[in-house]
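Asker: sequence first, then the predicted structure, then my questions.
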Amino acid sequence: MSCSNLTMLVSSKPSLSDATALSFRSSLTPFQVPSHNPSSPGSRPTGPIQCGLRELRERIDSVKNTQKITEAMKLVAAAKVRRAQEAVVNGRPFSETLVEVLYNINEQLQTEDIDVPLTKVRPVKKVALVVVTGDRGLCGGFNNAIIKKAEARIADLKELGLDYTVISVGKKGNSYFQRRPYIPVDKFLEGGSLPTAKEAQAIADDVFSLFVSEEVDKVELLYTKFVSLVKSDPVIHTLLPLSPKGEICDVNGICVDAAEDEFFRLTTKEGKLTVERDLVRTKTDDFSPILQFEQDPVQILDALLPLYLNSQILRALQESLASELAARMSAMSNATDNATELKKSLSIVYNRQRQAKITGEILEIVAGANALS
Amino acid sequence: MTLNLCVLTPNRIVWDSEVKEIILSTNSGQIGVLPNHAPIATAVDIGILRIRLNGQWLTMALMGGFARIGNNKITILVNDAEKGSDIDPQEAQQILELAEANLRKAEGKRQIIEANLALRRARTRVEAINAIS
């Protein structure tokens, strides 16, 4: 009689969800306290959550805090992607002018035999791998993907019987290779938060000296290409020897013309952030024919190719950074969603326990009052 | 008739405005460019670029590259460029001393190449601060 009154009291509470009310009614009849019930309703796929009231409250608070942090990290990553994109756009005038000049010089040197140290093709005995990773974690599978690709390439080279050395850029790659002393590493370099020409220069210097001093015969660059906000692709490009036309070749020999370039733009489509890649072909119009070369065309090529090397490395660093930020955005967004779900299920269990406790106290009071009367 | 100067590095545009005259260090010596210069293309060495604006000379340290001089339009593509006024004298001096020490320690063809490049760059930066004539 008093029990039925109690159930009505419980179900009239507006904060209760239907499931909770049902479980109360079902568990009150056999007079069990629900918090000791090991089999909870199957709406939560994570299984039973067994805690006391205070622990549950603390857990809910900590999940709420974590959710705030992951949400903030996602927004920060989104803002940084925009900045990374601006950096790419800023580098465009340089690469466009460079490509124009390169084309024109090549046209003038068509018939001659050019002998520039950076384009010398030698029989390959040792290969240098430049591996670009990120500095921080919490970015999903980004760092793992590129490191796996590096390991695969090293295995390939070993099979071909070639010697190799690694130049690692980025803290994550550095710590990975430091823990594996059996992989010969040439240098550890730190990436900055925004790759500048100085960092690209440091890598270029290293690579340049390795190649020109004939310590290595081929330099390959491993970085992550930014395909879209949810997809990024680790790729391997052959950095040196450069082709005088400025083509960038893949390890499989697929060459991309330097004049054709892809630029990515972060825009909003239907309210959601998306990435659009445009294929841009720089106009290579004719030089004024009376243009004289102050020095030998070969010397000029000698000065141009390091510039080209620098800009390629910088582009790789920028794309890597953009993919890292995109990976972090999606990882943090997933984390935020998971935190919301976890908070909801924890709150349900918490409320259930709290109400069970209140019901227990009321029952005691009623029982005591009955005993006295 | 003024000269339009554009100094580009891989990640930003360092200078893009009109000047009266420039003095550029190339592989084959220094060249001065006045308005209506004949069109030439030249390689730029690691050195100092002097720019004259209304009687005032400005220095910029260039880290090697390429220059194209067209119809009153100069385009300089360099690996890195720093305005003389942006360089911290003490820091530049320290880097120079470090580079000299590195060169003395360098062994093997490769280290010597690297150390030489670093030394030239450090020296150019220090000169850019001092030579404001």
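Answerer: Yes, it's here. Numbers count the residues shown, from 1 in each chain, chains lettered A, B, ... in the order given.
Asker: just for chain B, where's the confidence low?
Answerer: For chain B, applying pLDDT under 70 flags the ranges B:131-133.
Asker: pull up the residues of it that are close to chain A.
Answerer: Within chain B, the positions near chain A by C-beta under 8 Å from any C-beta of the partner chain are B:6, B:8-13, B:26-28, B:31, B:38-44, B:63-66, B:68, B:70-71, B:75, B:77-80, B:108-111, B:113-114, B:117-118. Bear in mind the C-beta positions are built from the backbone N, C-alpha and C, glycine included.
Asker: the same query, at a cut-off of 7 Å, please.
Answerer: Neighbours of chain A within chain B, by C-beta under 7 Å from any C-beta of the partner chain: B:8-13, B:26-28, B:38-44, B:64-66, B:68, B:70, B:75, B:77, B:79-80, B:109-110, B:113-114, B:117.
Asker: just the residues you listed: which are in helices?
Answerer: B:109-110, B:113-114, B:117 (DSSP state H).
Asker: between those, which is nearest residue A:339?
Answerer: Nearest to residue A:339, judged by C-beta to C-beta, of those is residue B:114 at 48.6 Å.
Asker: show me where the stretch 151-300 of chain A has its helices.
Answerer: A:171-178, A:197-212, A:297-372 (DSSP state H, counting those that start in this stretch).
Asker: can you say which of those is nearest to residue A:145?
Answerer: Taking those one by one with C-beta to C-beta, helix A:297-372 is closest: 8.8 Å.
Asker: next one: the closest one, is it in contact with chain B?
Answerer: Yes: using C-beta under 7 Å from any C-beta, helix A:297-372 reaches chain B at A:299-300, A:302-304, A:306-307, A:310-311, A:314.
Asker: dump those to CSV, plus pLDDT.
Answerer: Output for these, formatted as CSV (pLDDT from 0 to 100):
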residue, pLDDT
A:299, 79
A:300, 80
A:302, 79
A:303, 80
A:304, 82
A:306, 82
A:307, 84
A:310, 85
A:311, 85
A:314, 88
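Asker: so can I have TSV of those residues showing distance to residue A:117 and neighbour count?
Answerer: As requested, the residues of helix A:297-372 next to chain B are exported to TSV (distance: C-beta to C-beta, whole Å; neighbours: other C-beta atoms under 10 Å in any protein chain shown):
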residue	distance to residue A:117	neighbour count
A:299	12	17
A:300	14	24
A:302	8	19
A:303	12	22
A:304	13	24
A:306	10	20
A:307	15	27
A:310	16	29
A:311	18	25
A:314	21	27
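Asker: CSV for these, including distance to residue A:103?
Answerer: As requested, those are exported to CSV (distance: C-beta to C-beta, whole Å):
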residue, distance to residue A:103
A:299, 18
A:300, 13
A:302, 17
A:303, 16
A:304, 11
A:306, 18
A:307, 14
A:310, 18
A:311, 15
A:314, 20
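Asker: out of these, which comes closest to residue A:234?
Answerer: Using C-beta to C-beta, these come closest to residue A:234 at residue A:314, 18.2 Å.
Asker: now do the contacts for that closest one.
Answerer: A:91, A:195, A:197, A:200, B:10-11 (C-beta atoms under 7 Å, 6 or more residues apart in numbering or on different chains).
Asker: by neighbours, which of these wins?
Answerer: residue B:10 (30 neighbours; other C-beta atoms under 10 Å in any protein chain shown).
Asker: give me every residue in chain A lying close to chain B.
Answerer: Counting by C-beta under 7 Å from any C-beta, chain A sits next to chain B at A:87, A:90-91, A:93-94, A:97-98, A:101, A:196-198, A:200-201, A:205, A:209-210, A:212-213, A:215, A:288, A:290-295, A:299-300, A:302-304, A:306-307, A:310-311, A:314.
Asker: wait, a helix at residue A:122?
Answerer: No: assigned with DSSP: H, G, I helix; E, B strand; the rest coil, residue A:122 falls outside any helix and is coil.
Asker: of the residues of helix A:297-372 next to chain B, closest to chain B?
Answerer: Closest approach between these and chain B, by C-beta to the nearest C-beta: residue A:303, at 3.3 Å.
Asker: touching, the closest one and residue B:65? I think so.
Answerer: Yes: with contact defined as C-beta atoms under 7 Å, residue A:303 counts as touching residue B:65 (6.5 Å).
Asker: list the buried residues for stretch A:315-325?
Answerer: A:315-325 (16 or more other C-beta atoms under 10 Å in any protein chain shown).
Asker: could I get the residues you listed as CSV with distance to residue A:108?
Answerer: Compiled in CSV, those are given as follows (distance: C-beta to C-beta, whole Å):
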residue, distance to residue A:108
A:315, 26
A:316, 29
A:317, 32
A:318, 31
A:319, 32
A:320, 35
A:321, 37
A:322, 36
A:323, 38
A:324, 41
A:325, 42
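Asker: list residues touching both of residue A:303 and residue B:65?
Answerer: Common neighbours of residue A:303 and residue B:65 (C-beta under 7 Å, 6+ apart) are residue B:44.
Asker: quick one, phi/psi of residue A:123?
Answerer: Note on residue A:123: its backbone torsions stand at phi -60, psi 130 [degrees, to the nearest 10].
Asker: just residue B:79 next, same as before
Answerer: Dihedral pair for residue B:79: phi -70, psi -40, per degrees, to the nearest 10.
Asker: touching, it and residue A:311? I think so.
Answerer: No: Residue B:79 lies out of contact with residue A:311 (C-beta under 7 Å); the separation is 9.0 Å.
Asker: so chain B: which segments form each domain?
Answerer: B:1-81, B:87-129 (the TED database).
Asker: please identify the deepest-packed of those.
Answerer: domain B:1-81 (a mean of 19; mean count of other C-beta atoms under 10 Å in any protein chain shown).
Asker: what's the first-to-last distance across that domain?
Answerer: From its first residue to its last, domain B:1-81 covers 26 Å (C-alpha to C-alpha, to the nearest Å).
Asker: now residue A:135, what's its secondary structure?
Answerer: Quick answer, by three-state DSSP: residue A:135 is coil.
Asker: leaving out chain neighbours, which residue sits closest to it?
Answerer: residue A:171 (4.5 Å; C-beta to C-beta, 6 or more residues apart in numbering or on different chains).
Asker: how many neighbours does the one you found have?
Answerer: By other C-beta under 10 Å, neighbour count at residue A:171 equals 17.
Asker: distance check, the residue in the stretch 1-150 of chain A positioned nearest to chain B against residue A:315.
Answerer: Chain B sits closest to residue A:94 of the stretch 1-150 of chain A, with a gap of 4.3 Å, by C-beta to the nearest C-beta. The gap separating residue A:94 from residue A:315 is 10 Å, by C-beta to C-beta, to the nearest Å.
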